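K.L.:
just need the structure, nothing else, for what follows:
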Amino acid sequence: MRHTVVSESPTDGELLIRFQAGHEEAFAELYHRCRGDIYRYIVRVLGGDLEAAADVFQDTFVTIYRQAGMVRDAEAVRSWIYTIARNNCLGALKRQKRQVPLATEHLDIEDLQTPQPDDAAHDATLKSQLTQALAQLPENQREAVILHDLEGLSYAEVAGITSTNVGVVRQRLWRAKQALRIALAPILRRQPASSRNEDEDE
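P.N.:
Okay, here's the model as predicted:
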């Protein structure tokens, strides 16, 4: 009887260890695995500035390559990569001497019950208000929303990246969502005609 052996993909930490041992192809695999998430994160933090994002993205992976030998905790590679990306983003924003609004494409904030109406005008208004509401959040709250709700990082990972603790991260997210609910309450109470008709037909 023949047994099929299923090979498991190496973890990020295992790839980093291989790279530290001199295997260049391990870094290439880590790069291809992480590049999409990291680029999207950088674009969001920089408010959709693609030109600046391209520079920060390149600087981030150059730093990752150069500092890979310094990492000792293979279990924290993902957080380490996001920390480098975050620091580079903050440096870029400081150089620009301006604060940019959060890009809200594909926004999915848990517990924020936003209706999904068919009415295009209502949807456009909602997105506009949401963008403004996010832009008004304190920087640390907006950052927590990006990392946790948009990037899907755990509370512990966000805490590590932002040099805080899980309790602080939870508090920032709670305050952010309270502020968003208040800011969006007027428009969330107004459903378009199409949504009302669907409710009446049920």
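
K.L.:
can you tell me the closest non-neighbouring residue to G160?
P.N.:
S79 (4.6 Å; C-beta to C-beta, 6 or more residues apart in numbering). Any C-beta I mention is one placed from the backbone N, CA and C, and that applies to glycine too.

K.L.:
need the contact partners of the host helix or strand of the one you found.
P.N.:
Assigned by DSSP states H and E, S79 falls within helix 77-96. Contacting residues not belonging to helix 77-96 are listed as 11-13, 15-16, 30, 34, 38, 41-42, 45-46, 52, 55-57, 59-60, 63-64, 67, 71, 73, 99-100, 143, 147, 151, 153, 157, 160-162 [C-beta atoms under 8 Å, 6 or more residues apart in numbering].

K.L.:
neighbours around R35, how many?
P.N.:
Applying other C-beta atoms under 10 Å, we find 13 residues neighbouring R35.

K.L.:
would you quantify the distance from the most centrally placed residue in the chain to Y41?
P.N.:
When the chain is reduced to its mean C-alpha position, the closest residue under C-alpha atoms, centre = their mean turns out to be E151, at 3.0 Å. Computed as C-beta to C-beta, to the nearest Å, the E151 to Y41 distance reads 5 Å.

K.L.:
right, I'll leave it there.
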